[in-house]
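# Here you go, sequence then predicted model.
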Amino acid sequence: MSLPTTTPRNSGDLPMRDKPRQLPFPLSIYQSAVGKKWVMAITGFILVGFVLAHMIGNLKLYLGLVEHNGALAYDTDLYAEALRELLVPIMPRLVVLWILRIGLLGALLLHIHSAYTLSRMSLASDFKYQGKRDFLAANFASRSMRVTGPIVALYLVFHLADLTLGFGIATGEFVRGDVYANVVYSLGRPVVAIGYIIANIAVAIHIYHGIWSAFQSLGINNPKYNYLRRLAAKAVAGIILVGNVSFPIAVLANIISL
Amino acid sequence: MSTELNLTLQVWRQAAPDAPGSFVTYEAKNIPDDSSFLEMLDIVNEGLIDNDVEPIEFPHDCREGICGTCGVMINGRAHGQERATATCQLHMRKFSDGDTIAIEPWRAAAFPVIKDLIVDRSPMDKIIQAGGYITAPTGTGGDANDTLIPKEVAESAMDAAACIGCGACIAACPNSAGQLFTSAKLWHLNSLPQGQPERFTRTESMVDTMEQFFGACTNHGECAEACPKEISLDFIAYMNGDYIKAKIKNRSRSSQ
């Protein structure tokens, strides 16, 4: 029988990764994982705000045709045109829209980059249990963030091709600017409609954990009001889920039709 | 009146850090249900020694739930199924006769197995060395109650200081992140007047050291569930807030 008398010192003493050389101040925040989580939380809030506003804007689909300058027009198309003409007497047409788009794209890229690098860091730090292990607090939403995230990103690409740019999976009837008709033609295809429903469920699951997690990452914490963080996550994710899933169903059920 | 249990153990056996490990099944016969989990392992080890089998190496020291040495994954849960209980305070009466119990060491890339159930937790020491202290002038002690501390602040600091550094939070974390441990150690000092002079250098230095060894927090909350001292997730939020403040404050200090 042999017992160890000295402890072999190996990786326990040596860092897994070296501390990076410090960049100048605002960039140095992004060099740390805690700082990356800040960026992920702030960009996440921006993106959730966009998704919520996008869903509310889409509710115009239910208004159908309205009278505009003496002629009938789809309210959704008027809304889309209004977005292009945001602040128009002050700013040229499309400029504000493009500023918003570039801002959103920047937020999205930062969100994806921080998620990617932090996932790499965590996967490298983890050592899987060889036996079974129980999860007590981690829920489906929190454990599937690295799955729902890429699903949402993929969905975004298809969605832009389908209804903004009009190529790839877009219908043959796609006409730039005829938002209402494009939506009806696209979601009239049952397979596409089901794809939208599945993707929007992934969006809601991602947002549910994301909102709660973002409060925590930003250090927004007051034990007296902390129950509101879960509540806010449930409410926003629920509203976005119900709103967004209703559109493909309404098109399939002919509630939204030409 | 104590009854006795007969159990089947599946224990992770690994001879050395680089040796291959595997689960080995042992029968644990006639275990009094008054014994603690560690005492159960003692009884099993006595049987193994009698049969000339090398006993199971497992981490333990005070056996009263305050030192943080013990800690193994029991049936897939850190410190077993009881809430707010360290392995040494887990009693066999919580199990039933005939149970199969799987015992595995803490797992994290920064926690290499030394032998069997014992892992090297020195990265946690490195985090403490990076700032888990205050610098106080020595000499005559100050008068008692010199520094007034609001009751709520003292309670909060005390809740954070309850951390025994067992590593269950890191072991339970799917990312092997050290946030709960580091934030408890930070809040213990950062919330008190004595900790203020070094608050922001401490925060930056301890977080940076933590990130050299452990993963990134994704706010699962597994750590707080696993914690034998019920350390709250709130401390992680305080740490996240302090870290960004530290980045800003330490920057202006360095430019002076």
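That came through fine.
# what number of residues lie near residue B:137?
By the other CB atoms under 10 Å in any protein chain shown criterion, the neighbourhood of residue B:137 contains 6 residues. In this view, the C-beta of every residue, glycine as well, is placed from N, C-alpha and C.
# ok, now how distant is it from chain A?
Taking CB to the nearest CB, to the nearest Å as the criterion, residue B:137 is separated from chain A by 30 Å.
# cool, and residue B:76?
Counting by CB to the nearest CB, the gap from residue B:76 to chain A is 4 Å.
# How far does stretch B:136-148 sit from its chain's centre?
Averaged C-alpha coordinates place stretch B:136-148 at 31 Å from its chain's average position (CA atoms, centre = their mean, to the nearest Å).
# same question, stretch A:184-201
Remark: stretch A:184-201 is offset 18 Å from the chain centroid, using CA atoms, centre = their mean.
# any idea of the mean pLDDT for it?
Stretch A:184-201 shows a mean pLDDT of 96.
# residue contacts, residue B:205?
Going by CB atoms under 8 Å, 6 or more residues apart in numbering or on different chains, residue B:205 touches B:130-131.
# Flag every buried residue along the helix or strand where it lies.
Secondary-structure assignment from DSSP states H and E places residue B:205 in helix B:199-213. Neighbour-count burial for helix B:199-213, counted by 16 or more other CB atoms under 10 Å in any protein chain shown, picks out B:199-200, B:202-213.
# residues from the stretch 101-250 of chain A in reach of chain B?
Applying CB under 8 Å from any CB of the partner chain, we find that the stretch 101-250 of chain A lies next to chain B at A:118-119, A:121-138, A:142-143, A:145, A:209, A:212-213, A:215-221, A:223, A:226.
# hmm, back to that, got the CA coordinates for the helix holding residue B:205 in CSV?
What follows is helix B:199-213, C-alpha atoms only, in CSV (Å, rounded to 0.1, in the frame of the first residue of the first chain):
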residue,chain,number,x,y,z
ARG,B,199,-11.9,48.5,-2.7
PHE,B,200,-11.4,49.1,-6.4
THR,B,201,-7.9,47.8,-6.8
ARG,B,202,-9.0,44.7,-4.9
THR,B,203,-12.0,44.2,-7.2
GLU,B,204,-10.1,44.5,-10.4
SER,B,205,-7.2,42.3,-9.3
MET,B,206,-9.4,39.5,-7.9
VAL,B,207,-11.7,39.4,-10.9
ASP,B,208,-8.8,39.4,-13.3
THR,B,209,-7.1,36.6,-11.4
MET,B,210,-10.4,34.6,-11.3
GLU,B,211,-10.7,34.9,-15.1
GLN,B,212,-7.2,33.5,-15.6
PHE,B,213,-8.4,30.2,-14.1
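# so the residue in the stretch 151-258 of chain A positioned nearest to chain B, which of the three states?
Among residues of the stretch 151-258 of chain A, the one nearest chain B by CB to the nearest CB turns out to be residue A:219. It sits 2.7 Å away. Secondary structure of residue A:219, reduced to three states by DSSP: H, G, I helix; E, B strand; the rest coil: coil.
# Am I right that it is in contact with residue B:241?
Yes: the criterion here is CB atoms under 8 Å, and residue A:219 meets it with residue B:241 at 2.7 Å.
# Settle it for me: which of these two has more neighbours?
Per other CB under 10 Å, whichever of residue A:219 and residue B:241 has more neighbours is residue A:219, with 21 against 18.
# Can you report how many residues neighbour the residue lying closest to residue B:73 once chain neighbours are set aside?
If the residues on either side of it in the chain are set aside, residue B:73 comes closest to residue B:104, at 4.2 Å by CB to CB, 6 or more residues apart in numbering or on different chains. Here the count is done by other CB under 10 Å, and residue B:104 has 23 residues near it.
# what sits against residue B:104?
Applying CB under 8 Å, 6+ apart as the definition, the contact partners of residue B:104 turn out to be A:129-131, B:12, B:23, B:72-73, B:117.
# try 7 Å this time
In this structure, residue B:104 makes contact with A:129-131, B:12, B:72-73, judged by CB atoms under 7 Å, 6 or more residues apart in numbering or on different chains.
# nearest to residue B:4, of the residues you listed?
Taking CB to CB as the measure, residue B:4 sits nearest to residue B:72 out of the contacts of residue B:104, at 22.5 Å.
# Validate this expectation: residue A:236 resides in a helix.
Yes: when three-state DSSP is applied, residue A:236 is found to be in a helix.
# just checking, it touches residue A:207?
Yes: the pair formed by residue A:236 and residue A:207 meets the contact definition of CB atoms under 7 Å, at 6.4 Å.
# isn't residue B:228 right up against residue B:168?
Yes: in this structure, residue B:228 sits in contact with residue B:168. The criterion is CB under 7 Å, and the distance is 6.3 Å.
# Look up the residues that both of the two are in contact with.
With contacts defined as CB under 7 Å, 6+ apart, the residues adjacent to both residue B:228 and residue B:168 are residue B:79.
# Got the domain ranges for chain B?
With automatic domain parsing serving as the domain definition, the record reports that chain B contains domains spanning B:4-114, B:121-254.
# which one of those domains has the most crowded surroundings?
domain B:121-254 (a mean of 20; mean count of other CB atoms under 10 Å in any protein chain shown).
# Now the buried members of the residues of the stretch 101-250 of chain A next to chain B.
By the neighbour-count criterion of 16+ other CB under 10 Å, those include these buried positions: A:118-119, A:121-122, A:125-127, A:129, A:133-136, A:138, A:142-143, A:145, A:209, A:212-213, A:215-219, A:221, A:226.
# what residues are up against the residue of chain B found nearest chain A?
With CB to the nearest CB as the measure, the residue in chain B that lies nearest chain A is residue B:241; the distance is 2.7 Å. When contacts are counted by CB under 7 Å, 6+ apart, residue B:241 touches residue A:219.
# same for the helix or strand harbouring residue A:56, what does it pack against?
With elements taken from DSSP H and E, the one containing residue A:56 is helix A:33-58. Using 3 or more CB pairs under 7 Å, 6 or more residues apart in numbering or on different chains; DSSP states H and E as the contact criterion, the elements in contact with helix A:33-58 are helix A:25-30, helix A:95-125, helix A:190-217, helix A:227-252, helix B:234-254.
# Run the angle between that helix and helix B:199-213 for me.
Counting by axes from the mean of the first three to the mean of the last three CA atoms, to 10 degrees, helix A:33-58 points 90 degrees away from the direction of helix B:199-213.
# What mean pLDDT does helix A:33-58 get?
97.
# Check the offset of that helix from the chain's centre.
7 Å.
# same thing with stretch A:228-246?
The chain centre lies 13 Å from the centre of stretch A:228-246; the measure is CA atoms, centre = their mean.
# same question for that stretch, mean pLDDT?
Average pLDDT, stretch A:228-246: 96.
# returning to that earlier point: what angle sits between the helix holding residue A:56 and helix A:227-252?
Here helix A:33-58 runs at an angle of 40 degrees relative to helix A:227-252 (the same axes, to 10 degrees).
# Show me which positions of helix A:33-58 end up buried.
Within helix A:33-58, the residues that qualify as buried by neighbour count (16+ other CB under 10 Å) are A:33-48, A:51, A:55, A:58.
# By mean pLDDT, which helix or strand of the chain comes out lowest?
Since no chain was named, I'll use chain A. Each helix and strand of chain A was given a mean pLDDT (mean pLDDT, DSSP states H and E); the minimum falls on helix A:25-30 at a mean of 89.
# I'm done for today, thanks for sticking with me.
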